[in-house]
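Novice: here is a sequence with its predicted model. Questions after.
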Amino acid sequence: MIDIGFIGLGTMGRPMAGHLLAAGHRVLLHDVAPVAPELITAGGIACKSAKAVAQEADAVIIMVPDTPHVEAVLFGKDGVANGISKGKIVVDMSSISPLATKEFAKKIEALGADYLDAPVSGGEVGAKAASLTIMVGGPERAFGTMKPIFDKMGKNVTHVGANGDGQTTKVANQIIVALTIEAVSEALLFASKAGANPALVRKALMGGFAASRILEVHGERMVKRNFEPGFRIELHQKDLNLALEGARTLGLSLPSTAVAQQLFSSCTAHGGKTWDHSAMVRALELMAGHEIAAT
């Protein structure tokens, strides 16, 4: 059983690392904040730096918010690159730029280690339930080594191609999620404004072709007015920025993605950058002068 390093122990990383500890792995831990006591109690070993994690672990998993954070963990002072050695594996499970990912992979591979980009979908709920969807780009041999590890954190694990392809898949996922949140928001707002009970409308729609995981989970959030963050608006904005920047580079037009980003920006302007991304509905409610009501 290989030793695992885990860097980034926030909303997502903490339960993910917990699953690896529960499975019996020796897990080396590092975060910018003190390591959660429950991880230490479960057998985790706190390390003072990313370098120390890389020196001790066979494979290093990174789960941090954005591209600059990954770069700092990898190549900053006392970073992973200073402690990694030939034959080890670096796995970035953050959601970051596909282009930057390719550059990071080249630098790590030049040190003799393999690099996988393996972003996830499923949010905090999926992280806690070990039911994440994991989209992996990178060498087949490294994927083969890490697949049993991924299976301890997720249920749908797919090797989608070369380095960067995992991140590209995640960007595509985030486009679909944002546009589906927008569609559910508009539908329930329409139903509520028309005088129907949105909770019952949602229940009826769940039995038809409009059924989706977002209608199920985020539709319920909208009706019950629960916008405590599972996945923050500011993080989804970051992902849509990657989509729109990539589209410009590729010469593509993504008009609906741009609209979704503007709705998130409206929420942010009203103090909602840390709201759950299902709170996109609040931007539409402000324009409508109507709030979805459960009755």
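Specialist: All right, it came through fine. Residues are numbered from 1 along each chain as shown.
Novice: can we go C-alpha only for contacts and neighbour counts from here?
Specialist: Will do.
Novice: from R141, how far out is D66?
Specialist: Relative to R141, D66 is positioned 26 Å away (Cα to Cα, to the nearest Å).
Novice: the two: who's more crowded?
Specialist: D66 (15 against 9; other Cα atoms under 10 Å).
Novice: burial count for K238?
Specialist: The burial count for K238: 17, using other Cα under 10 Å.
Novice: one more: R248?
Specialist: For R248, using other Cα under 10 Å, the count is 12.
Novice: quick check: pLDDT value at it.
Specialist: pLDDT, R248: 94.
Novice: figure out how far the one helix or strand it maps to is from the centre of its chain.
Specialist: Per DSSP states H and E: R248 is located in helix 233-250. Its chain's C-alpha centre lies 14 Å from the corresponding centre of helix 233-250 when counted by Cα atoms, centre = their mean, to the nearest Å.
Novice: then stretch 76-94?
Specialist: Using Cα atoms, centre = their mean, the offset of stretch 76-94 from its chain centre is 20 Å.
Novice: kindly report the same for stretch 103-119.
Specialist: Remark: stretch 103-119 is offset 20 Å from the chain centroid, using Cα atoms, centre = their mean.
Novice: for it, buried residues please.
Specialist: For stretch 103-119, burial by neighbour count (16 or more other Cα atoms under 10 Å) applies to 104-105, 108-109, 113-119.
Novice: which secondary element of this structure has the worst mean pLDDT?
Specialist: Between all helices and strands in the chain, the lowest mean by mean pLDDT, DSSP states H and E belongs to helix 123-129, at a mean of 92.
Novice: helices or strands up against that helix?
Specialist: Where contact means 3 or more Cα pairs under 8 Å, 6 or more residues apart in numbering; DSSP states H and E, helix 123-129 is packed against helix 13-22.
Novice: buried sites along the helix it packs on?
Specialist: Result for helix 13-22 [16+ other Cα under 10 Å]: buried residues 13-21.
Novice: neighbouring contacts of stretch 105-124?
Specialist: 11-12, 81, 84-95, 101, 131-139, 142-143, 163-167, 170, 173, 230-231 (Cα atoms under 8 Å, 6 or more residues apart in numbering).
Novice: quick one: residues contacting V70.
Specialist: 62, 64, 92, 94.
Novice: and with 10 Å instead?
Specialist: Applying Cα atoms under 10 Å, 6 or more residues apart in numbering to V70 gives the contacts 7-8, 62-64, 76, 79, 92-96, 100-101, 104.
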